[in-house]
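K.L.:
the sequence isn't on hand, but the structure is:
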């Protein structure tokens with residue numbers, strides 16, 4: 001299945017790929033156009049040391065408690081960054097989001113999943129990225 005456009009149901013697809021089941025401790029958080037400030041790396045160029053970093057997280061799994069308090073960024077567990085093509089620039093953006101997540105949810109040790117929803121799947125941790 002290819003990458004779907006905004007509003008075309010990528011959240012439903014992610015929920016199928018990564019089911020939470022009946023675990024009430026975790027919840028899905030939609031980013032992208034629905035929550036443009038979810039781990040944005042816009043204006044973080046100086047902090048991250050790159051000149052062309054932009055964008056925000058497309059989706060995340062966070063603790064239910066953080067979501068019910070309207071601060072999901074404090075309970076992040078897994079970030080999802082969906083791209084049509086994975087390039088050096090998209091890896092830098094995903095790792096920037098991961099840095100932000102680990103600052104805001106350091107006790108959770110969040111990871112980032114960077115994918116084109118086709119053949120490519122990369123998992124980033126604070127220790128690096130693996131494909």
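P.N.:
That came through fine. Only a predicted model underlies this, so the values are computations on that prediction, with no experimental measurement involved. Numbers count the residues shown, from 1 in each chain.

K.L.:
going by C-alpha atoms from here, please, whenever you check contacts or count neighbours.
P.N.:
Noted.

K.L.:
show me where this protein has strands.
P.N.:
Counting by DSSP state E, the chain has strands at residues 26-30, 59-63, 76-82, 111-115, 121-125, 128-130.

K.L.:
now these as CSV including mean neighbour count?
P.N.:
Putting the strands of the chain into CSV (neighbours: other CA atoms under 10 Å) gives the following:
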stretch, mean neighbour count
strand 26-30, 20
strand 59-63, 24
strand 76-82, 24
strand 111-115, 24
strand 121-125, 17
strand 128-130, 12
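
K.L.:
could you dump those strands to a markdown table with mean pLDDT and distance to residue 15?
P.N.:
Converted to a markdown table, the strands of the chain look like this (pLDDT from 0 to 100; distance: least, CA to CA, whole Å):
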| stretch | mean pLDDT | distance to residue 15 |
| --- | --- | --- |
| strand 26-30 | 89 | 8 |
| strand 59-63 | 90 | 10 |
| strand 76-82 | 89 | 11 |
| strand 111-115 | 90 | 14 |
| strand 121-125 | 84 | 16 |
| strand 128-130 | 66 | 22 |
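
K.L.:
quick one: closest of those to residue 105.
P.N.:
Closest to residue 105 of the strands of the chain is strand 76-82 (CA to CA; 5.9 Å).

K.L.:
that closest one packs against which elements?
P.N.:
strand 59-63, helix 88-104, strand 111-115 (3 or more CA pairs under 8 Å, 6 or more residues apart in numbering; DSSP states H and E).

K.L.:
how does it look with 6 Å?
P.N.:
For strand 76-82, the elements it packs on are strand 59-63, strand 111-115, judged by 3 or more CA pairs under 6 Å, 6 or more residues apart in numbering; DSSP states H and E.

K.L.:
coming back round to it: save the strands of the chain as CSV, and put in distance to residue 16 too.
P.N.:
Listed next are the strands of the chain as CSV, based on distance: least, CA to CA, whole Å:
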stretch, distance to residue 16
strand 26-30, 12
strand 59-63, 13
strand 76-82, 14
strand 111-115, 15
strand 121-125, 16
strand 128-130, 22
